[in-house]
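> Show me the folded form of this:
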Amino acid sequence: MAEQATRRAPTGPTQETPTDKQRDYEELRRLIVGPEKEGIAAIEDRLENVERRTEDVSTVVAEAIQLRREKGDDHALAEALAPTIQATLRESVRRDPHVLADALFPVMGPAIRKSITETLRSMLESFNEALEHSLSLQGMQWRIEAMRTGKSFAEIAIMHSLLFRVEQVFLIHKETGLVLNHLVAPSVATQDPDMIAGMLTAIQQFVRDSFSSKSTESLGSLNVGELEVWLEESPDAVLAAVIRGHAPQDYRLAMNEALENIQRHYGPALSQFKGDAGPFRSAEEKLAPLLETHYKQGNGESKKTPKAAIVVGALLGALVLGWIVYSTYLILQWRKFLHALDHQPGIVLVSHSNSGGKFQIQGFRDPYSADPSKLLSDANLDPKDADLQLAPYYSLDDAIVGRRSAEILHPPAGVKLASKNGQLVAEGAAPPQWIAEFEAHAPWIAGVTSIDDSRLDNSDLAVLKPLKTTIESVVVLFPVGSAQIETGQDDKLAQIGKDFQDLLTQAARLHESVTVEVTGHTDSTGIEGTNLPLSQDRADAVRSHFLRHGIKPANMRTVGVGTSQPLHSEDTEEGRQYNRSVTFRIAFTPLPVTASPGARSSALSGN
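Residues are numbered from 1 along each chain as shown. Predicted coordinates:
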C-alpha cells in the first residue's frame, strides 16, 4: 500500500521550454480563431445577460405590436395584453387612485351631469302630471287605486289618462345591428341604445333561425312588460319604436313612410356603412315626428258626479284635515313642552327625537328638579308617548341648591333658605340647636360654597327683644357743655334700671351673656377737641349712675363718639338738644356650654 501511494504521487512535473515553432503556432491560431471566439463570447454574454436582453427587446416592442396590428391579429394581441393591463390598472389604483381618477375626469363629468339631468327631468314631469290630478275627485279615486294596487300615483294617473306614447325610436343598420340614430321622448329613462339595438337584432335572428323563416320575413312586434316594440324593415335599415299604451295601426303606416324616406335619401350611405353613424345624424328630422303622445279625450258630455262620491270625498277630506290639524297641534304641544323642560332649573336637555310615534328625550336631571311626568300632564300630553332618558346629576342652579338645602336641613317654619351664586343665606328665627346644625352641615351640601347667617335670629331670644328695643329707644339728655345728667329724668333712669334688671334675669335663664354699650354724644357747637372728651364723660356718668343704683351688667362699656354719630339734625334747638345725650346698644352672646349654671349667673350679675 505504501508503495502504491508512492507511485501515485510523482515527485514533480518536468520543466520543458517551448520551442520557437510552438510559439509561432499559437500566434497563428490566435490570429485566425481569436475574432470568432470573441464574437461567440459576446453573443453568449448577450443571451445570458438579462439586462442587455431586456434592453434589446425594449427597442423593438412598439414596432412589434404595430406590425401585429397591421397583420389584422388584434384579437390575439388583446387577449395576450388584457391580463397585464388589468393587473397594471389594479396596481395603479391600489398605489394611487388619483392618477386614474384624473385620467377619467374629462369623461366622468359629462356622463354624471347627463344622468342627473335625465333623472331630474323625469321626476319633474311625473310630479307635474301627478299635481294636475291630485286635487280633483278623479285624482282622489286614482290615489285610492294606487294604495290598493301598490303602484305609485304617477303610474295610475298615466295609465288612466294616456292613450299611447312613443318613448323611443331606433334607426338600426340591418346588416351590422349598429344604431344609426336614436330619439328619446322627454322624461324617459334610457339604457345603452347600442345594447338595445343588439338585443333586437339578436331576437330577430333567433326568431328566423328557430322557425326556419325566410330572410325577407321579420318580427313585427314584441311586448316587454307594459311596453310594446314595433319593428319595420327596409332593405338596409330597421326602424324600431318603443310604445307605451296601444297605438293605432295608422302609426305603423307613419313608420313605413319615415323608413321609406330614410332609405331613399340615405340609400348609398346605408349600403356602404362601415360603422360611422355620422352621416345619419340629419335623419333625426324624419324620425322626430314619430315621437307621438296621445291622451284620452273627453266625450263632450257633462257627467254628473255621484252623491256618494261627493260624500266619500268630503269625509276623506275631513279626515285628512283633522289628522293634519291634530298632528300640528301635537307638534306644537311637544315643542312647548321641550321649551318648558329645557328652561326648568336642574334639567339639561342633550337631544330629542321622534321614532315610531314616540318622543325620545336624552339629558340630565337633578333629583330635586321638577317631575317631567307632571310637566307632560300639565301640557296635556300622554306620558306613555315619551321616553325620558334623564341621567341623575347634581345641579348648581340657585333654585335647586335652595331646594336641596331645605330637604337636608329641614328649617323651622320661621326660617327661609335662599341660594345665590353658591352662598346659602338663612333668614328668620330658629332655635339655637338648629342654628348650630346649620352652621355645621350647610357647607357640606352640594352647590354651597359659603353660608350667611347674619339675618338668622335665635328664636329663644324673642322674649328679650321687647326689653332690648325699649332700652335702646331711651335717650338720656345733658345740658350744654356739661356731663351732669339733666334734671327731670329720674323716672326715665329708674325705668331703664328696672328694664336692665329684667333683661339680665331673663338672659341668665336663657344662658345668654348681655353686653351693654353706653354711647355718649354731643352737638356740633364747640370744637371737636372738647366735644369728644365731653361725650366720653357723659357715657361714664350714666354708667356710674347705674352702678350706684345696684345695676351691674357684666359687660357694660362706655364710648364717646362726639359729633360723629348725630341722632338728629341740628336745624333747631330741639335737634341740638337731642344730640347732647347718651344712648344704649345691647347684644347677646351665648355662654360657653362647659360653663355651669352658677358660673353663668355670676357672669350675668357681675359679682
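
> would you say Met349 is within a helix?
You called it Met, but residue 349 is Leu. No: Leu349 is assigned strand when assessed by DSSP: H, G, I helix; E, B strand; the rest coil, not a helix.

> From Trp434, how far out is it?
According to CB to CB, to the nearest Å, Leu349 stands 38 Å off from Trp434. For glycine as for every other residue, the C-beta is placed from the backbone atoms N, C-alpha and C.

> Ala78: neighbouring residues, count only.
11 (other CB atoms under 10 Å).

> who's in contact with it?
If you count contacts by CB atoms under 8 Å, 6 or more residues apart in numbering, Ala78 has none.

> isn't Gln489 right next to Pro479, touching?
No: judged on CB atoms under 8 Å, Gln489 makes no contact with Pro479 at a distance of 11.4 Å.

> Okay, helices next: where are they in the stretch 451-600 of the chain?
Ranges of helices in the stretch 451-600 of the chain, per DSSP state H, counting those that start in this stretch, are 465-472, 490-509, 528-548, 573-579, 597-605.

> Turn those into CSV, columns for mean neighbour count and mean pLDDT.
Shown next, in CSV, are those (neighbours: other CB atoms under 10 Å; pLDDT from 0 to 100):
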stretch, mean neighbour count, mean pLDDT
helix 465-472, 15, 86
helix 490-509, 16, 85
helix 528-548, 18, 87
helix 573-579, 15, 86
helix 597-605, 15, 37
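
> Make CSV from those helices and add distance to Lys174 to it.
What follows is the helices of the stretch 451-600 of the chain, written out as CSV (distance: least, CB to CB, whole Å):
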stretch, distance to Lys174
helix 465-472, 122
helix 490-509, 128
helix 528-548, 132
helix 573-579, 131
helix 597-605, 130
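
> Tell me which helix or strand comes right after the lengthiest strand in the chain.
The single longest strand within the chain, with elements called by DSSP state E, is strand 162-173. Downstream of strand 162-173, the next assigned helix or strand under DSSP states H and E is strand 179-184.

> which other helices and strands contact that following strand?
strand 162-173, helix 193-210, helix 284-287 (3 or more CB pairs under 8 Å, 6 or more residues apart in numbering; DSSP states H and E).

> how about 10 Å then?
strand 162-173, helix 193-210, strand 237-245, helix 249-271, helix 284-287 (3 or more CB pairs under 10 Å, 6 or more residues apart in numbering; DSSP states H and E).

> Arg404: which of the ones you listed is closest?
Closest of the helices and strands packed on strand 179-184 to Arg404 is strand 162-173, at 72.8 Å (criterion: CB to CB).

> Pull up the pairing partners for that closest one, direction included.
strand 179-184 (antiparallel), strand 237-245 (antiparallel), strand 293-295 (antiparallel) (DSSP bridges).

> Can you flag the weakest of these by average pLDDT?
Among the strands paired with strand 162-173, strand 293-295 carries the lowest mean pLDDT, a mean of 75.

> Nearest residue to the residue nearest to the spatial centre of the chain in space, please, no chain neighbours.
The centre of the chain sits closest to Ser351, judged by CA atoms, centre = their mean, with a distance of 9.1 Å. With sequence-adjacent residues excluded and distances taken as CB to CB, 6 or more residues apart in numbering, Ser351 is closest to Gln362, at 4.9 Å.

> part of a helix, is the one you found?
No: checked against three-state DSSP, Gln362 lies outside a helix; its state is strand.

> my read: it touches Ile347, true?
No: using CB atoms under 10 Å as the test, Gln362 is too far from Ile347 to be in contact (11.7 Å).

> higher neighbour count, the two?
Counted by other CB under 10 Å, Gln362 and Ile347 do not tie: Ile347 has more neighbours, with 23 against 15.

> I'd assumed Ala391 was in contact with that one.
No: shown here, Ile347 and Ala391 do not form a contact pair, counting by CB under 10 Å, at 11.1 Å.
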